[in-house]
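**Student:** quick check, what structure comes out for this input:
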Amino acid sequence: MTISRRDFLRIFGETIAYSLLLPSVNVSAAATNHSNDYKALVCIFLYGGNDGNNMIIPYDQYEDYASVRNTAQNLNIQKSSLLPIKAPSHNNLNFGFHPSMSELQSLYTSGKLAVLCNTGPLNKLIDRQQYLIGTDFPEQLFSHSSQQAEWQSATTSLLDPLANTGWGGRISDTLQTYKLSNKLPVITSFSGNALFNNGQITKPFEPGNRLAGINSSASDSRYRAFRSLLEATGLPTISQAINNKLITAIDNSELYNTAISSSASFKTVFPSGLLATQLLNVAKTIAVRSKLSSQKQIFFVSLNGFDTHTNQLTQQASLLRQISQSMAAFYSAMNELGVENNVTSFTMSDFARTFQPNANGGSDHGWGNHHLILGGAVKGGDFYGKFPSLALAGADDSGNQGRWIPSTSVEQYAGILTGWLGITEKEILRIFPKLSEFSAITPRFL
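**Tutor:** Numbers count the residues shown, from 1 in each chain. Take a look at the predicted model:
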């Protein structure tokens, strides 16, 4: 059977975008100090800007919260509904999780979940007065696209030479030099080709994509004809390079699909919803890590809907319930696999929301935010960083609406996670050159 030029171009066009995302790591299986040290990071990005001010609320100092977010503002979480937790590092004060987060409350009290307070993009640590006089701070604060990029790249300026790469991708670049035996790229994304995933030399693998109209079984003449075209020699250099990427894309996809088809089901019941489905797929991929020869893995998943300018109480309650149930189910699945100490999941988001409510039962774009870190290796049951003073125009406010100036930088947060994965301090500073602007990697939650 032959393929017409028109059919070839159609198939080529449908495949090219996919293939460019899937260069194989293809490094040797030489033994290294990482060879028997499987670890994985799972980044959960909350698009739109999760309101940390209603996710974690002071209980002992509830009046500070209620004086601004009172019932009349349509953004109040009742004190009696809070799920109580203690923060030993914060004078053993009592706080409360949002009432939709009972599963994560349980994991927090059992020491598996930690809270990193008031974290965000920074050029250096600054206070309110320094901010007000225009001391150096990140570009385009309070902008969705800019803050998503700054969180995912751990840079704060488009002029930064690393701004077009993600810090997950730069970890992948570094791990490639470790000569791991991974058969697939280090990063697997179940939520598209986000900036976080892209390194300078490595790209993520995205499961679920297939060649349209081609089944790559040995008996399929269409596939064999297409493959022979891709493997043809004597082509111009650029054509050969593109063909090689297509071949790699096909091989990676088939390798993954074959491995995942044998993944056992879990006793853990995952809830419905997009985030749970993505995390279930992460769990299935981790379950077949030996078939993929995976020694280090990074995963990217996401959940949309956090841009809550209106109707926040109802909308965020549903979103936080998804987070709590999905993360808890994922941790339970890791326990089933016996790798709960080897897998750490963590949240990121554009920014927090203003502490001051708006007129529509919502909140507007903020800055520093609280984040969640979950895993058997996490030093859980405590807060890290500094919880802000909930005072409008107070010491931690960049203005007068409760946009908290971060007390911990993205680089510090990411640096701890990267170090836990097994990257050396010297290499961490290559991945995060600005980390030296901060005196130490202080929030030791791992």
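**Student:** which parts of the stretch 251-400 of the chain are helices?
**Tutor:** 274-287, 312-337 (DSSP state H, counting those that start in this stretch).
**Student:** which of the residues in stretch 178-198 are buried?
**Tutor:** Buried residues in stretch 178-198, counted by 16 or more other C-beta atoms under 10 Å: 178-191, 193-198. Where you see a C-beta, it was placed from the backbone N, CA and C, and this is true even at glycine.
**Student:** all strands for the protein, in order.
**Tutor:** 39-46, 56-58, 83-87, 93-97, 113-120, 187-189, 296-303, 343-349, 369-374, 383-384, 408-409 (DSSP state E).
**Student:** for residue 325, find the nearest of those strands.
**Tutor:** strand 296-303 (11.9 Å; C-beta to C-beta).
**Student:** pLDDT averaged over that closest one - what is it?
**Tutor:** Taken as a whole, strand 296-303 has a mean pLDDT of 98.
**Student:** that strand to helix 312-337, inter-axis angle?
**Tutor:** Regarding strand 296-303 and helix 312-337, their directions subtend 150 degrees when assessed with axes from the mean of the first three to the mean of the last three C-alpha atoms, to 10 degrees.
**Student:** does anything pack onto strand 296-303? Which helices or strands?
**Tutor:** Counting contacts by 3 or more C-beta pairs under 8 Å, 6 or more residues apart in numbering; DSSP states H and E, strand 296-303 is packed against strand 39-46, helix 167-176, strand 187-189, helix 274-287, helix 312-337.
**Student:** so where's the stretch 151-300 of the chain shaky on pLDDT?
**Tutor:** When residues are selected by pLDDT under 70, those of the stretch 151-300 of the chain lie in 209-248.
**Student:** could you rerun that using 80?
**Tutor:** 179, 181, 208-253, 264 (pLDDT under 80).
**Student:** check the gap between the residue nearest to residue 162 when sequence neighbours are not counted and residue 419 for me.
**Tutor:** Using C-beta to C-beta, 6 or more residues apart in numbering and skipping the chain neighbours, the partner closest in space to residue 162 is residue 155 (5.3 Å). The spacing between residue 155 and residue 419, counted by C-beta to C-beta, to the nearest Å, is 19 Å.
**Student:** picking that back up, got the helices of the stretch 251-400 of the chain as JSON lines, with mean neighbour count columns?
**Tutor:** Shown next, in JSON lines, are those (neighbours: other C-beta atoms under 10 Å):
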{"stretch": "helix 274-287", "mean neighbour count": "21"}
{"stretch": "helix 312-337", "mean neighbour count": "20"}
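**Student:** for those, give me JSON lines that also has distance to residue 364.
**Tutor:** Below are these laid out as JSON lines (distance: least, C-beta to C-beta, whole Å):
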{"stretch": "helix 274-287", "distance to residue 364": "24"}
{"stretch": "helix 312-337", "distance to residue 364": "11"}
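**Student:** and residue 366, which of these is closest to it?
**Tutor:** helix 312-337 (12.7 Å).
**Student:** tell me which strands and helices the closest one is in contact with?
**Tutor:** Checked by 3+ C-beta pairs under 8 Å, 6+ apart, helix 312-337 has strand 39-46, helix 52-55, helix 102-109, helix 274-287, strand 296-303, strand 343-349, strand 369-374 packed alongside it.
**Student:** so which of those is nearest residue 203?
**Tutor:** So among these, strand 296-303 is nearest, using C-beta to C-beta, at 12.1 Å.
**Student:** so how far is the closest one off the chain centroid?
**Tutor:** In terms of C-alpha atoms, centre = their mean, to the nearest Å, the centre of strand 296-303 is set 6 Å apart from its chain centre.
**Student:** likewise stretch 54-62?
**Tutor:** 25 Å.
**Student:** export that stretch as PDB, just CAs?
**Tutor:** What follows is stretch 54-62, C-alpha atoms only, in PDB (Å, rounded to 0.1, in the frame of the first residue of the first chain):
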ATOM      1  CA  ASN A  54      -9.900  31.800  52.600                       C
ATOM      2  CA  MET A  55      -7.900  28.600  52.300                       C
ATOM      3  CA  ILE A  56      -6.100  29.100  55.600                       C
ATOM      4  CA  ILE A  57      -7.600  31.400  58.300                       C
ATOM      5  CA  PRO A  58      -6.300  32.300  61.700                       C
ATOM      6  CA  TYR A  59      -8.500  30.800  64.500                       C
ATOM      7  CA  ASP A  60      -6.900  32.400  67.500                       C
ATOM      8  CA  GLN A  61      -6.800  35.800  65.700                       C
ATOM      9  CA  TYR A  62     -10.000  35.300  63.800                       C
END
